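Novice: Need coordinates for the following:
(2 chains)
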Amino acid sequence: MQLLLSIALKHLLARKRQSFISLLGIVLGVAFFLMISALMQGSEADFIRRLIDNTPHITIVDSYRNPRLQPVQKLYPPGNTELRSVKPLSETRGIRGYEQIILYLNTLSGIRASPVLAGQALISFAGKDHAVSLNGMIPEDITTITTIANYMKEGSIDDLIASPDGIIVGTELVRQLSLNKGDNILITATTGQTRTFKILGIFRTGRADYDERQAFASIKRVQALLNRPNRANNIIIKLPDPYAAHALAAKIESKIGYKSISWQETSEDLLSLLVVRNIIMYSVVSAVLIVAAFGIYNVISTVVMEKHRDISILKSMGFHTGDIKWIFVIQGIILGSLGSLLGLPLGSAFMYTLMQIELTPPGSTEPIHIPLDWSLFQFVIASAFAMTAALAAAFLPARKGAMVQPVDVLRGSI
Amino acid sequence: MSDTALKVENLSRRLSGEVSITLIDDVSLEVRRGEFMVITGPSGSGKSSLLYLMGLLDRPSSGRIWLNDEDILTYNDDQLADTRLAELGFVFQFHFLLPEFTALENVMLPMQRLNRLSQKEIQDRAQQLLTDLGLAQQQHKLPRQLSGGQSQRVAIARALANNPLLILADEPTGNLDTHASMTVEQILKDLAHRHNHAVVVVTHETRLAASADRLITIVDGKIQNSAP
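Specialist: Numbering: from 1, shown residues only, chains lettered A, B, ... in the order given. Next up is the predicted model:
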């Protein structure tokens, strides 16, 4: 193999300019492949991370995926009898026995579950009213299960533990109602009950709607306000492996009956969009490398054409057909490997340059950096694709070269 | 060990196509060790075709070939290549050296492919062969830096690299001046007479033909005359 390698190297070095141009094609192909792939995967990962971090991995809601069978329907199965004007049995809203469900969920390894009682309420302050979605949670769980603690601008979630009458609100709400930390606000529930809450913290997620309409308080206090003692209408779950959510949600739903929605189910359309986006991205960047592969095909094809006589000599000397094929495939491997070796650092430099760019999207107040995926996988896939393209480009002329019959060349037929 | 290096029996080679062409027609001959055989004949008579068949570069349409008493037409292509590597050496009219390799590297190639010697032994033997052929000073030169005669001597050194049983030369002096021709001719004769190689040379040159141990004349693919 060392001999074949030295012959292959001599062939490439004998055509320095052609070899350099085809190498340059692969280098640029790998660099662009890496940069675009890292950019797309980075933005996808960033998007999914935000999706996963900012939403529960599984949400158990106080409803059923399929309407429950009413007692009268159990008594008179559909058939000869026809029942008209049957109304479903009235049920108190909320998840029944949520504490037992939480105990069950805690037996599943690594997961964190917390009950939520969410409801609509009206915040009144200084003669202004504002509708919000009030989330009653166990204060200790707000820090561990939600990411709201990461967005705190003033105060702390921990203050809710010490002050059960506290509330955490968003910056938009604070701005619209001219509120400040420490202010007392009156909250009216849809039942007409009112309670006074003290603003203990202010968060800012950057999503104006969320910062305007969401508020967090102690679940006990919210249960009292909404007149739904010992009730929760959601259980939110965080998993160590967010990608296990889909399977686990199905398992939980089959066990407890309540509809359990994984984040994948909630964001199904967005995830489908990402798949389509990936297909488009890989098609485009693959095209770059395929064009580069034509450069390799061209140089090896030229070498094969020019080397018919040398191939004949090597064969007459006793080189096997396979040896000849290897000589040209090795040339592809050399170009592919060198292209990857030089293309990856160049691609990394492109990526580093992109990372330095600060963008302020329309409507955003804070600048963002372009997310890039620096994982080993990106480097491996760029190299693997370059090698595959180079090998495929080399294989065709190599096969043609190996088929040269020495006697045809010696007779002068070729 | 038999004295016969190569034996062909009822060898024929036909090219099929719209018109079938007979290149070699029922040829039988034997080449012995230490023999300097010359094949001659008019252009297009089938001399080179016979040489390619004897050199296992082409397969006959019919007939049999024994090399060192082995029926080699039963071999597959890779086995034939191995046989060419170990037992045969070729010298062509145009030296056909690999242009990117120095004279020394060209001579080392067949030994490196055979892989029976260490790299040091291969280099030593290649240098010895080039020295024996008067090319000690030219060993690190590329083929384009050598004269026609020097290139042909490098090609002979390359043919001798694996100490072959049979050396086949196709018009080895056809592209050389008189002085270089005589040198190459003498080397080939020495290989047969002093080193006991079987040497078969295809040529038009009457002087070379006249000095043969055995002269075969081919006309229209058939042996016309075999002398002595």
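Novice: Report pLDDT for the residue of chain B found nearest chain A.
Specialist: Ranked by C-beta to the nearest C-beta, the top residue of chain B for proximity to chain A is B:L85, at 2.4 Å. Where C-beta positions appear, they are placed from N, C-alpha and C, glycine not excepted. Confidence per residue is given as pLDDT, and for B:L85 that number is 93.
Novice: Any idea what B:L166 is bridged to?
Specialist: Residues in a beta bridge with B:L166, per DSSP bridges, are B:L88, B:A198.
Novice: Tell me if I'm right that it and B:L67 touch.
Specialist: Yes. Taking contact to mean C-beta atoms under 8 Å, the distance of 7.3 Å between B:L166 and B:L67 places them in contact.
Novice: any residues in contact with both of those two?
Specialist: B:A5, B:L6, B:E87 (C-beta atoms under 8 Å, 6 or more residues apart in numbering or on different chains).
Novice: Now do the same contact list for the residue of chain B closest to chain A.
Specialist: The neighbourhood of B:L85, defined by C-beta under 8 Å, 6+ apart, consists of A:M317, A:G318, A:F319, B:P110, B:R113, B:L114, B:N162.
Novice: which parts of chain B sit against chain A?
Specialist: Near chain A, the residues belonging to chain B are B:48-49, B:52, B:55, B:57-58, B:77-78, B:81-86, B:88, B:90, B:92, B:96, B:98-101, B:109-110, B:112-114, B:158, B:170 when assessed by C-beta under 8 Å from any C-beta of the partner chain.
Novice: buried subset of the residues you listed?
Specialist: Neighbour counting with 16 or more other C-beta atoms under 10 Å in any protein chain shown marks B:48-49, B:52, B:55, B:57-58, B:81-86, B:88, B:90, B:92, B:96, B:98, B:100-101, B:109-110, B:112-114, B:158, B:170 as buried within these.
Novice: Which of these fall in helices?
Specialist: Secondary-structure check on these using DSSP state H: residues within helices are B:48-49, B:52, B:81-86, B:109-110, B:112-114, B:158.
Novice: How about the contacts made by residue 25?
Specialist: In the absence of a named chain, this looks at chain A. Going by C-beta under 8 Å, 6+ apart, the list of residues near A:G25 reads A:V291, A:A292, A:F294, A:G295, A:I296, A:G339.
Novice: oops, I was thinking of chain B
Specialist: Counting by C-beta under 8 Å, 6+ apart, B:D25 makes contact with B:S12, B:G46, B:D220, B:G221, B:K222.
Novice: Then A:V303?
Specialist: Contacts were defined as C-beta under 8 Å, 6+ apart; by that measure A:V303 touches A:H11, A:L12, A:R15, A:F328, A:Q331, A:P397.
Novice: Likewise for A:G343?
Specialist: A:G343 is in contact with A:I26, A:V27, A:L28, A:G29, A:V30, A:A31, A:F33, A:L34, A:A382, A:A386, counting by C-beta under 8 Å, 6+ apart.
Novice: In which helix or strand does it reside?
Specialist: In this assignment (DSSP states H and E), A:G343 forms part of helix A:321-356.
Novice: Near chain B, which residues of the stretch 301-414 of chain A are found?
Specialist: A:309-310, A:312-323, A:406-407, A:410-411.
Novice: Filter the residues you listed down to the buried ones.
Specialist: Burial of those was assessed by neighbour count (16+ other C-beta under 10 Å); the buried members are A:309-310, A:312-321, A:323, A:406-407, A:410.
Novice: Tell me the strands beside the host helix or strand of B:E9, with direction?
Specialist: Secondary structure here is read from DSSP H and E; on that basis B:E9 sits in strand B:4-15. Strand B:4-15 pairs in its sheet with strand B:21-32 (antiparallel), strand B:62-67 (antiparallel), by DSSP bridges.
Novice: Make TSV out of these and add mean pLDDT and distance to A:Y76.
Specialist: Formatted as TSV, the entries for those read as follows, by pLDDT from 0 to 100; distance: least, C-beta to C-beta, whole Å:
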stretch	mean pLDDT	distance to A:Y76
strand B:21-32	89	97
strand B:62-67	91	95
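Novice: Which of the ones you listed sits closest to A:M152?
Specialist: When the strands paired with strand B:4-15 are compared by C-beta to C-beta, strand B:62-67 sits nearest A:M152, at 90.2 Å.
Novice: got the buried residues for the closest one?
Specialist: Within strand B:62-67, the residues scored as buried using 16+ other C-beta under 10 Å are B:G63, B:I65, B:W66, B:L67.
Novice: again, but for stretch A:200-214
Specialist: By neighbour count, and taking 16+ other C-beta under 10 Å as the criterion, the buried residues in stretch A:200-214 are A:L200, A:G201, A:I202, A:F203, A:R204, A:T205, A:A208, A:Y210, A:D211, A:E212, A:R213, A:Q214.
Novice: Would you point out which residue of chain A is nearest chain B?
Specialist: Ranked by C-beta to the nearest C-beta, the top residue of chain A for proximity to chain B is A:G318, at 2.4 Å.
Novice: C-terminal to the helix holding A:G343, what's the next element?
Specialist: Downstream of helix A:321-356, the next assigned helix or strand under DSSP H and E is strand A:358-359.
Novice: Spatially nearest residue to the residue of chain A closest to chain B, not counting backbone neighbours?
Specialist: Leaving out its chain neighbours, the residue that sits closest to A:G318 by C-beta to C-beta, 6 or more residues apart in numbering or on different chains is B:L85, at 2.4 Å.
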